[in-house]
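Engineer: A structural model of the following input is requested.
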Amino acid sequence: MKNLLILHLESISQLTLAIHRQHFPNLDRLLSESLRYENYFSSATSTRMVQTHLFHGNDFELDQFATYSDAVAAGNCEHLFAILKAHGYRPGLACLNMYHNQVPAKFSVWPRSISTPFCSADPEAVMAELDRMIDERPFAVFFWNLITHIEHSGVYAHQASSLTHRLQNAYRKADEMIGELLQRLQDKGALADTLIVVYGDHGDDFWGHGFKGGMVHGLEPYANMVWTPLAIWSGGNNGGIDNRLASTIDIRATCLDMLGIEHHDHFPFAGKSLLTNGQSHIYSQNFMANQPDSPQLNIARAIAVYNDTYCLLVSSRGLEMFAYRLDPMNRCNLLHFHELTPDGGLRLLEIPGARSHYLSAIPEGEAISNSISRNFTELRGKLSERIIAKRTYLNEKLPGGQISTWPPDILSRIEKTGWNVFFNVQTSAPTRPSYRLY
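Structural biologist: Purely as a prediction, here's the structure:
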């Protein structure tokens, strides 16, 4: 049986990896020999949610909770490593937590019935434990290195001239540990028999979408937060690029398929194996479905749907739509150029004084304008389906009156925060026809 090693890339997005690639030589080499999913989107913007979605293969696991600290997995699908343990694998989790002595990591996504997690602030102690874990064959090991988290990178603050320099030091250390672990597998003759999955949980925003009380992740699921790496290494002979959409919830089924372990999930929203299924769209969220907005942090509970070109995101502020391949930071809400129509579509607005760059890009390109409207209608329908599914799920889980998920009319408003700034308008926005869709 093949071993399984899952490498968690803490706070590493596709953009981070592209800009700082020189600080990841070992990871870069591993990725070059792997099957890379270039259109993988993380199912959430916080580590704990992403890990829960990965292990259980669905993004409903925590939705019934209103408070993040109370959330535990519902068990809609059996934990990946529990399945592997039942098939003779030796499961293990090792975590480098630079503040382990002050703030121990929480492992609620890892039941102690599977194994006891190992956590330390000492990189050498973590590597020694990983060395022990990979001696027990077949093994299934999850390596969570927190040093690339903005807070944990603070251990390099005294020797860094800037925040950028500090994080680059953390990237190098994380990469060194990956390289050392791969070398130990090689030395033990286990590397060729090990399936290696590398995935990112979320990126960091650094206040590009507002101060948010100082938070840099856990924010609304914009592309710069959730467009993260995913790669699978299998002996170094499966290298290439898969451009299909992929989600965190698909990793569990993909691992089981690649390990040759039969599995049957009865939960209707379980992820699918990437070996046999292509996705037309995927979802991502920042909060649990029953978790309210955080006004003090200016963070709204949001859910987004992605296809191969566009992202449609909705929160209590309204709808936002982005062409994320042109606008990976998601700063230009395409709906600012449109109004909603009674039939659920979009109508392009005339914008007085617009220059030829804009006029040739959207209004005069009828096919482009129609594409935006067509994709909006499709993605809005997908969001509606998902919100209804989440609400139905919560109605089954919680007594009446305890559900505070997205309201029914949430898909009927365009987000208008900053509209005047976007168009450089000094007075209030001009009156436009408005429609509410029910």
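Engineer: what about the helices in the stretch 1-150 of the chain?
Structural biologist: Along the stretch 1-150 of the chain, the stretches classed as helices by DSSP state H, counting those that start in this stretch are 14-19, 25-32, 47-56, 80-86, 123-133.
Engineer: Please save the CA atoms from the longest one in PDB.
Structural biologist: C-alpha atoms of helix 123-133 as PDB (Å, rounded to 0.1, in the frame of the first residue of the first chain):
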ATOM      1  CA  PRO A 123      11.500  22.600  14.500                       C
ATOM      2  CA  GLU A 124      14.000  19.900  15.400                       C
ATOM      3  CA  ALA A 125      11.600  18.200  17.700                       C
ATOM      4  CA  VAL A 126       8.900  18.300  15.000                       C
ATOM      5  CA  MET A 127      11.300  16.800  12.400                       C
ATOM      6  CA  ALA A 128      12.200  14.100  14.800                       C
ATOM      7  CA  GLU A 129       8.600  13.200  15.400                       C
ATOM      8  CA  LEU A 130       7.900  13.200  11.600                       C
ATOM      9  CA  ASP A 131      10.900  10.900  11.200                       C
ATOM     10  CA  ARG A 132       9.400   8.500  13.700                       C
ATOM     11  CA  MET A 133       5.900   8.700  12.000                       C
END
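Engineer: who touches that helix?
Structural biologist: Under the contact criterion CB atoms under 8 Å, 6 or more residues apart in numbering, helix 123-133 has outside partners 90, 92, 94-96, 118, 120, 139, 141, 143, 145, 147, 173, 177, 180-181, 184. (Glycine included, C-beta is placed from N, CA and C.)
Engineer: Can I get stretch 22-34 in CSV? Just the C-alpha atoms.
Structural biologist: In CSV, the C-alpha atoms belonging to stretch 22-34 read as follows (Å, rounded to 0.1, in the frame of the first residue of the first chain):
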residue,chain,number,x,y,z
GLN,A,22,12.7,31.9,-5.1
HIS,A,23,12.2,31.3,-1.4
PHE,A,24,10.6,27.9,-2.0
PRO,A,25,13.2,25.9,-4.0
ASN,A,26,12.3,22.5,-2.5
LEU,A,27,8.6,23.1,-2.8
ASP,A,28,9.1,24.4,-6.4
ARG,A,29,10.9,21.2,-7.3
LEU,A,30,8.2,19.0,-5.8
LEU,A,31,5.5,21.0,-7.6
SER,A,32,7.4,20.7,-10.9
GLU,A,33,7.1,16.9,-10.6
SER,A,34,3.5,16.9,-9.5
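Engineer: so for it, what's the average pLDDT?
Structural biologist: On average, the pLDDT along stretch 22-34 is 97.
Engineer: Would you mind giving the helices of the stretch 1-150 of the chain as TSV with mean neighbour count added?
Structural biologist: Output for the helices of the stretch 1-150 of the chain, formatted as TSV (neighbours: other CB atoms under 10 Å):
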stretch	mean neighbour count
helix 14-19	17
helix 25-32	17
helix 47-56	25
helix 80-86	19
helix 123-133	17
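Engineer: So which of the ones you listed is nearest Asn39?
Structural biologist: helix 14-19 (9.5 Å; CB to CB).
Engineer: Might you calculate how far that closest one sits from the centre of the chain?
Structural biologist: Between the centre of helix 14-19 and the centre of its chain there are 15 Å (CA atoms, centre = their mean, to the nearest Å).
Engineer: what residues does that helix touch?
Structural biologist: Here helix 14-19 makes contact (CB under 8 Å, 6+ apart) with Leu9, Phe24, Leu27, Glu38, Gly200, Gly203, Asp204, Asn224, Trp227, Thr228, Pro229, Pro328.
Engineer: any idea how far Arg244 is from the fourth one?
Structural biologist: Glu38 sits at a distance of 9 Å from Arg244 (criterion: CB to CB, to the nearest Å).
Engineer: I'd like the secondary structure assignment at Lys396, please.
Structural biologist: Careful, residue 396 is Glu; it's not Lys. Look at Glu396: counting by DSSP: H, G, I helix; E, B strand; the rest coil, its state is helix.
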